[in-house]
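please work out how this folds:
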Amino acid sequence: MRTRPLQRGLPADLWRQTLSQVPTIFGRLVYLASLRNSNTGRYEHHGLALIHGETESDTALRESHERTFQEWLNFGIEQQKADLDLYLSAFSNDKVNLVETWIRLAPYRNMVPTSVRPQERELYLADLESLLWMLKNECRADGPVPGS
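Modelled structure (predicted):
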């Protein structure tokens, strides 16, 4: 049986050991969503579960995902753009292709916590889709259009 102080230490451990290492809010959102099992909806992190238990780990990860999502929604569009641009810049020198792939495949749709209200989900999707089109246009303005 887990003790109460250990449970209270889990969010601090999660932040200190993992989330603080991710430099962008969007990156944290991606990371936390990746820990959600698409078949069960439970959040799974082997190391946290070993130390704190599966239920406590699931709860802490779920709450962290929800808080991170709310933090993203509370950003202004300029802050969201800067954060997303920083996140995407770590993956590819071909940002145009990366952004076009995201527009086509929409992997960002899986990053929404299951507990959010429909209007929060719609706001997130509308903001993200606008940002991707904005980034795509900026990338094309900065360099040659592929295939031309």
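
what residues are up against the residue nearest the centre of the chain?
With distances taken as C-alpha atoms, centre = their mean, the residue of the chain nearest its centroid is Leu29 (1.7 Å). By C-beta atoms under 8 Å, 6 or more residues apart in numbering, the residues touching Leu29 are His65, Thr68, Phe69, Trp72, Met111. (C-beta placed from N, C-alpha, C; glycine too.)

if we use 6 Å, what do you get?
Each residue near Leu29 by C-beta atoms under 6 Å, 6 or more residues apart in numbering is listed here: Thr68, Trp72, Met111.

can you tell me the element it falls in?
Here Leu29, judged by DSSP states H and E, is contained in helix 25-34.

what's the average pLDDT for that helix?
Average pLDDT, helix 25-34: 96.

do stretch 120-130 as well
The pLDDT scores in stretch 120-130 average 97.

buried ones in it?
Of the residues in stretch 120-130, Arg121, Tyr124, Asp127, Leu128 count as buried by neighbour count, 16 or more other C-beta atoms under 10 Å.

what's the local residue count around Asp85?
Neighbour count for Asp85, taken as other C-beta atoms under 10 Å: 17.

any idea which helix or strand comes after the helix or strand containing it?
Assessed by DSSP H and E, Asp85 sits inside helix 77-89. Next in sequence after helix 77-89, counting helices and strands by DSSP H and E, comes helix 95-105.

now do the longest helix seen in the chain against helix 77-89, angle only.
In the chain, taking DSSP state H as the definition, the longest helix is helix 118-142. Helix 118-142 runs at 70 degrees relative to helix 77-89, counting by axes from the mean of the first three to the mean of the last three C-alpha atoms, to 10 degrees.
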